[in-house]
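[1] got a structure for you, letters missing:
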């Protein structure tokens with residue numbers, strides 16, 4: 001009998017696990033509350049160091065990992081520059097954010113693009129629009145409870161449903177999340193040529209951090225579009 005693993009959440013972690021399980025010939029079903037992959041626009045950029053890249057290489061089929069590399073920014077993004085609120089440079093370093101001076105093979109990637117890559121081949125396994133709201137355990141099985149009133153059974157349930165995880169709340173009800181008071185706002189805009197000419201050069205070959213007044217700070221860096229055509233591998 002094939003082990004069936006149920007995963008709550010189709011974020012980066014849930015999809016990485018699903019891909020790894022599928023390569024190991026295990027049955028997997030992923031439940032995602034949003035109706036489509038494009039419906040969740042939070043956190044558009046992710047920086048992935050060498051350890052994270054190696055983990056993705058272990059989880060993804062080779063063709064998907066190569067596509068991830070092709071759509072990632074180059075190794076220069078391992079460098080960091082700090083500016084004040086007038087964009088005057090304060091500090092710059094070639095030491096990557098992973099704490100080493102060795103250039104990384106891959107680093108910055110668009111979160112939506114990465115999720116779309118990781119969904120390839122999992123179209124039948126990922127159920128969009130189905131939110132896990134709880135679970136029930138039996139001696140040898142687990143049943144997930146979905147927001148629409150339906151259920152699904154498997155041998156193992158993995159909670160990859162974020163900070164407000166219903167799986168964590170059911171398994172460890174005594175554990176509470178704590179609001180640190182820190183807020184993060186993300187956005188992106190088209191970089192026009194007139195604006196690009198006015199910005200400092202270090203902004204274009206590294207991650208840039210701008211330190212503003214009242215303990216606020218921001219980070220980011222321009223990215224170039226990647227124009228490629230690709231078809232998912234046959235199942």
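    Nice, I can see it. It should be emphasised that the depicted structure is a prediction, and the values quoted were computed from it without experimental measurement.

[2] what residues go with each domain of this protein?
    1-72+107-176, 75-101+178-224 (automatic domain parsing).

[3] pLDDT (mean, whole number) over the last one?
    Per-residue pLDDT values over domain 75-101+178-224 give a mean of 70.

[4] next, residue 134: phi, psi?
    Residue 134 adopts backbone torsions of phi 180, psi -180, taken as degrees, to the nearest 10.

[5] quick check, it in contact with residue 170.
    Yes - with contact defined as Cβ atoms under 8 Å, residue 134 and residue 170 form a contacting pair (5.3 Å). Using the backbone N, CA and C atoms, a C-beta is placed for each residue, glycine as well.

[6] these two: who's more crowded?
    residue 170 (18 against 14; other Cβ atoms under 10 Å).

[7] just to check, that one is in contact with residue 132?
    No - look at residue 170 against residue 132 with Cβ under 8 Å: they stay out of range, at 9.4 Å.

[8] one step back: okay, the domains of the chain, which one's buried deepest?
    Mean neighbour count (mean count of other Cβ atoms under 10 Å) peaks for domain 1-72+107-176 among the domains of the chain, with a mean of 17.

[9] gap between that one and the chain center?
    Relative to the centre of its chain, domain 1-72+107-176 is centred 11 Å away, using Cα atoms, centre = their mean, to the nearest Å.

[10] for the stretch of helix or strand residue 53 belongs to, packing partners?
    Using DSSP states H and E, residue 53 maps to helix 50-59. With contacts taken as 3 or more Cβ pairs under 8 Å, 6 or more residues apart in numbering; DSSP states H and E, helix 50-59 sits against helix 12-23, helix 62-70.

[11] quick one, it and helix 12-23 angle?
    Taking axes from the mean of the first three to the mean of the last three Cα atoms, to 10 degrees, helix 50-59 and helix 12-23 form an angle of 40 degrees between their directions.

[12] show the average pLDDT along helix 50-59.
    90.

[13] stretch 63-70 now?
    What stretch 63-70 shows for mean pLDDT is 91.

[14] just to revisit the earlier point, can you add distance to residue 87 and give the helices and strands packed on helix 50-59 back as CSV?
    Formatted as CSV, these follow (distance: least, Cβ to Cβ, whole Å):
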stretch, distance to residue 87
helix 12-23, 31
helix 62-70, 31
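
[15] what about the strands in this protein?
    Secondary structure of the chain (DSSP state E): strands at 4-8, 27-32, 45-47, 80-84, 89-93, 108-110, 126-128, 132-137, 142-146, 151-154, 156-159, 207-211, 217-220.

[16] which one of these lies nearest to residue 73?
    Among the strands of the chain, strand 108-110 comes nearest to residue 73, with 3.8 Å by Cβ to Cβ.

[17] can you list the strands that that closest one pairs with?
    In the sheet, strand 108-110 lines up against strand 45-47 (antiparallel) (DSSP bridges).

[18] pLDDT of the partner strand, averaged?
    pLDDT averaged over strand 45-47 gives 79.

[19] same check on stretch 130-150?
    95.

[20] run through who's touching that stretch.
    Residues outside stretch 130-150 that contact it (Cβ atoms under 8 Å, 6 or more residues apart in numbering) are 6, 8-9, 31-33, 151-157, 161, 166-167, 170.

[21] give me the distance between the two termini of it.
    9 Å (Cα to Cα, to the nearest Å).

[22] try stretch 116-124
    End to end - Cα to Cα - stretch 116-124 spans 14 Å.
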